[in-house]
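1. fold the following.
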Amino acid sequence: MPFFCNWYTSITFNTTSRTTEKLKTLVSGKSTHSTTTELKVPRAKNPPKERGRGVTTHNMFLQFLVADNREEKKMGFIFLVVVLVFFQGFLISPISCLLNSDGLSLLALKASISTDPYHTLKSWLESDETPCKWYGITCNIQNRVTQVYLPNKGFNGYIPSELGALTSLQNLSLSTNNFTNIIPPRLFNATSLVSLDLSHNSFSGTINPNDIKTLTLLSHLDLSSNLLNGSLPDSLTLLPQISGTLNLSYNRFSGEVPSSYGEFPVTVSLDLRHNNLSGKIPQVGSLLNQGPTAFSGNPNLCGFPLSIQCPEAAGEDPRVPLNPNQNPNPNFSSTGSNISGKSRGISATVPIISAISVLLGVFSISVWLLRKKCVKVEGKMGKEKCDKGEEEEEDEEGQKGKFVVIDEGFSLELEDLLRASAYVVGKSRSGIVYKVVAGRLSGVTGVVVAVRRLSEGGGFWRFKEFISEVEMIGKIKHPNVVRLRAYYFASDEKLLVSDFISNGSLYSALHGGPSSSLPPLSWSARLKIIQGSARGLAYIHECSPRKYVHGNIKSSKILLDEDLHPYISGFGLTRLISSTNKTADLNAEKNNLAQKVVVSGFGSKSLSSPTSVYLAPEAQVSSSKMSQKCDVYSFGVAVLETLTGRLPDVGPENDEKGLESFVRRAFQEERPLSEIIDPALIHEVYAKKQVLAAFHIALSCTELDPEIRPRMRSVSESLDRIGSPH
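-> Numbering: from 1, shown residues only. Below is the predicted model of the structure:
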């Protein structure tokens, strides 16, 4: 770039200097000749064969100036002025001399946007040396752009091919705008991309398999809610790092589902809903682990896991056992979280009996179970129901299956749950979760609960041990903690029934996704959420002399209802699962930490982070035990996530550090608050003091020394003192 500028400067100055000397000669009259006299222009003895553009231009206007005709001289002066103005424009303009190549590529994006209603790109100035301080842009230490984050900005326009020149770009999010035309093939030249989110736009055309397979680092791809057509790109299975969201829903893709899609890891959340796909769903690999919601809305699609059978497949049973070593989504919320997203009012429903047996390929709770075994149903009054005349009661208590209602206000019975319609809303290391709409048999309609089918993890539960743990969970009754309503125990099935929280998780509310309907959270909403969550966690810590520990606090475990009222979920699950088999749990945790992109939140798909980024340093040591101070640390990370809107992982967004380290260093360097907080909060300047107070509380929670961290009760009281903004 400097060479370019110097080259033009040299041409301009040299041309101007020689021209001035000739003009002086003409004005002095020393070279006045007759009409037949030719002006002798000195020439080099060995002139080069080719002359530069500047010299040619110089000779051209000299010929005009020495001409006898006044009109020709006038033309010469005009030509001189035009040339000087042209070259001086390059000297005055700073674009070519200052802005780096990444900035020029981003200016092409700005130029392609015809509508910017919120003036989002007003900070994108041509006079800057780098784009690193532009809104929505993140750079590394080499001033190379690593993230372009501009979702939901009301843009109209198209994506220029120049974005493919951003060779260090890792995260590109332009979702929820109105970009049109095709996705330019050259965009896939940005081979450092890890996450690509172009959902909720109006892109059309096809996806060339040969183009997209160049993104060898890609782990998160969301092209949902566009107008894309053609066949599904089978080359996606060639992406070695794909491990999180793969969302192609709400488009116009046609043809069959490639059988190669069965090669995706089990951690991939595949969403192909509402396209024009047809044929039989391949019964191979990880496709057998997908729920029906992954394929719903394709009328011509048939086969497992859909209820629509293919004509030639009638009588086939595609069920296979789920590999216990396969590690599902680690960040799935314990209650009411949807791994595949909201279905916009249309959702495939299956009976819970069928869902459990078909999805997992294990012996299900079914009507057969009720008829063949003596099922004991207990409530607060200890009532028993038993089908007499069946098999004799087994010696081991709990072998026969036991359904226990913990909450007096819970009116559903086991038969209601068994025959209810159920939405498969997600899976995690602790099992499969269903949203169950029950109550037909008992006459109670519209009762919605969450039913979690626990994973054994290769271990074995004794009946009394299980009852002890579940009863402990059932004792936690607080307005900010998800309440356990009932449970079922049998030798081959274990279910937990709890409240269903309908509005997703804090994680999905912060980081968005194609199915997230929540607008950016205001400061008052965020403060309300962290205050309520702190109260719930403090109650868990102090409600019993046993000093309960949650053990897995993170933003995806904080669920939100329609009023954004927060609920701590997942309490007791860590202990339930880890107690089954420590070896299996350790292997699962290793796989868990290896996953960098996952899905969480009911109706939301988005980037997430490994569980380890929430763990306190002392908890990451092998054989260490979780403590209440570990919960305090994890809660502090979740608060920082809420304040910054950043993912909590180690990545370019956080200067290659964990979120806690990034924020702590930013305060030490006295960076402006606008560089730390979520951009959605920048305009709420009245809340600056409150935001700073929340930051200081979160940083105290994330001290490396657990002895320095406050108790959760103190954290809750400190947050409550901040008060709601006016």
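2. domains for this structure, by residue range?
-> 2-44+51-96, 97-313, 350-722 (automatic domain parsing).
3. lowest mean pLDDT across those, which one is that?
-> Of all the domains of the chain, the minimum mean pLDDT falls on domain 2-44+51-96 (a mean of 50).
4. tell me how far Lys153 lies from Val482.
-> In this view, Lys153 and Val482 are 35 Å apart by Cβ to Cβ, to the nearest Å. Heads up, the C-betas are built off the backbone N, CA and C, glycines and all.
5. these two - which one has more neighbours?
-> Val482 (25 against 20; other Cβ atoms under 10 Å).
6. what residues does stretch 614-625 touch?
-> 552-554, 612, 626-627, 629-630, 632-634, 637-638, 648, 704, 706 (Cβ atoms under 8 Å, 6 or more residues apart in numbering).
7. span of that stretch from start to end?
-> End-to-end span of stretch 614-625 (Cα to Cα, to the nearest Å): 15 Å.
8. re earlier: among the contacts of stretch 614-625, name the buried ones.
-> 552-554, 626-627, 629-630, 632-634, 637-638, 648, 706 (16 or more other Cβ atoms under 10 Å).
9. for those residues, give me JSON lines that also has distance to Leu107.
-> Formatted as JSON lines, the buried ones among the contacts of stretch 614-625 follow (distance: Cβ to Cβ, whole Å):
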{"residue": "Asn552", "distance to Leu107": "45"}
{"residue": "Ile553", "distance to Leu107": "43"}
{"residue": "Lys554", "distance to Leu107": "38"}
{"residue": "Met626", "distance to Leu107": "50"}
{"residue": "Ser627", "distance to Leu107": "52"}
{"residue": "Lys629", "distance to Leu107": "49"}
{"residue": "Cys630", "distance to Leu107": "47"}
{"residue": "Val632", "distance to Leu107": "46"}
{"residue": "Tyr633", "distance to Leu107": "43"}
{"residue": "Ser634", "distance to Leu107": "42"}
{"residue": "Val637", "distance to Leu107": "36"}
{"residue": "Ala638", "distance to Leu107": "37"}
{"residue": "Pro648", "distance to Leu107": "32"}
{"residue": "Pro706", "distance to Leu107": "49"}
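10. quick check: Leu495 is in a helix.
-> No: with DSSP: H, G, I helix; E, B strand; the rest coil as the criterion, Leu495 is located in strand rather than a helix.
11. was I right to think it contacts Ala450?
-> No: when contacts are counted by Cβ atoms under 8 Å, Leu495 is not listed as touching Ala450 (10.5 Å).
12. more neighbours: these two, which one.
-> Between Leu495 and Ala450, counting by other Cβ under 10 Å, Ala450 is the more crowded of the two (29 against 21).
13. any idea whether the more buried one is helix, strand or coil?
-> Going by three-state DSSP: Ala450 is strand.
14. tell me what it is bridged to.
-> Beta-bridge pairing of Ala450 under DSSP bridges involves Lys435, Ser498.
15. right, and it touches Gly431 too?
-> No: counting by Cβ under 8 Å, Ala450 stays clear of Gly431, with 11.5 Å between them.
16. ends of stretch 539-549, what's the gap?
-> Using Cα to Cα, the gap from the first to the last residue of stretch 539-549 comes to 11 Å.
17. list the buried residues for that stretch?
-> 539-541, 548-549.
18. what do you get for stretch 268-287?
-> 268-275, 277, 280-283, 285-287.
19. so how many other residues sit close to the closest residue to Pro305 other than its chain neighbours?
-> Nearest non-adjacent residue to Pro305, counting by Cβ to Cβ, 6 or more residues apart in numbering: Pro292, 4.6 Å away. Pro292: 24 surrounding residues under other Cβ under 10 Å.
20. wait, Pro292 sits on Gly303?
-> No: assessed by Cβ under 8 Å, Pro292 is found out of contact with Gly303, at 10.7 Å.
21. residues touching the host helix or strand of Ser718, excluding its own?
-> Ser718 belongs to helix 712-722 when elements are defined using DSSP states H and E. Applying Cβ under 8 Å, 6+ apart, the contact partners of helix 712-722 are 527, 530-531, 534-535, 537-538, 541-542, 628, 631-632, 635, 690, 693-694, 697, 700-701, 710.
22. in PyMOL, how would I select just the buried ones from these?
-> The PyMOL command for the buried members of the contacts of helix 712-722 (criterion: 16+ other Cβ under 10 Å) is given here:
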select buried, resi 527+530+531+534+535+537+538+541+628+631+632+635+690+693+694+697+700+701+710
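23. so of the contacts of helix 712-722, which ones are in helices?
-> 527, 530-531, 534-535, 537-538, 541-542, 628, 631-632, 635, 690, 693-694, 697, 700-701 (DSSP state H).
24. next, the buried residues of stretch 612-619.
-> 613-616, 618-619.
25. between which two of those residues is the distance greatest?
-> Val613 and Glu618 (14.9 Å; Cβ to Cβ).
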